[in-house]
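Novice: Model the following, please.
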Amino acid sequence: MNATPVIIVTFAAISVLGALAAFTMARRTDFRGAGALSAETARRDREAHRQRRGNISRETANDVEAEARPA
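Specialist: Take a look at the predicted model:
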């Protein structure tokens, strides 16, 4: 028996199984909503942003440089 048909069938089977695995993994990632933030994470981000907005100081560059100069 010639080895060529066996190699061709094996290669085709491996290719089909590889494509099936790649498709399944891609679909699973899309199903979860990859890159989407959960509601809890979005809420924590909004709260942190509100806190940062309230703690902004109005220092100018000259104020910072004056504090950095050695006395």
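
Novice: can we go C-alpha only for contacts and neighbour counts from here?
Specialist: OK.

Novice: From His49, how far out is Thr41?
Specialist: Shown here: Thr41 relative to His49, a distance of 12 Å by CA to CA, to the nearest Å.

Novice: now do Ile14
Specialist: Here Ile14 is placed at a distance of 51 Å from His49 (CA to CA).

Novice: Name the residues of stretch 64-71 that come out as buried.
Specialist: Of the residues in stretch 64-71, none count as buried by neighbour count, 16 or more other CA atoms under 10 Å.

Novice: Using CSV, list the CA coordinates for that stretch.
Specialist: Only the C-alpha atoms of stretch 64-71 are listed here, as CSV (Å, rounded to 0.1, in the frame of the first residue of the first chain):
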residue,chain,number,x,y,z
VAL,A,64,6.0,72.8,43.3
GLU,A,65,9.4,74.2,42.3
ALA,A,66,9.5,76.5,45.3
GLU,A,67,8.9,73.5,47.6
ALA,A,68,11.6,71.4,45.8
ARG,A,69,14.3,74.1,46.2
PRO,A,70,16.7,73.4,49.1
ALA,A,71,16.4,76.0,51.8
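
Novice: Tell me the helix or strand right after the helix or strand Arg52 falls within.
Specialist: Secondary structure assignment for Arg52, by DSSP states H and E: helix 39-54. Counting by DSSP H and E, the next helix or strand C-terminal to helix 39-54 is helix 61-68.

Novice: any idea how far Glu47 is from Val6?
Specialist: Summarising the geometry, the distance separating Glu47 from Val6, computed by CA to CA, is 63 Å.

Novice: before we move on, which element is Pro70 in?
Specialist: Residue-wise, Pro70 maps onto no helix or strand under DSSP H and E.

Novice: need the contact list for it.
Specialist: The neighbourhood of Pro70, defined by CA atoms under 8 Å, 6 or more residues apart in numbering, contains no residues.

Novice: next one: the helix or strand hosting Ile8 to chain centre, how far?
Specialist: Ile8 is located in helix 4-32, with elements delineated by DSSP H and E. Relative to the chain's own centre, helix 4-32 is displaced by 25 Å; criterion: CA atoms, centre = their mean, to the nearest Å.
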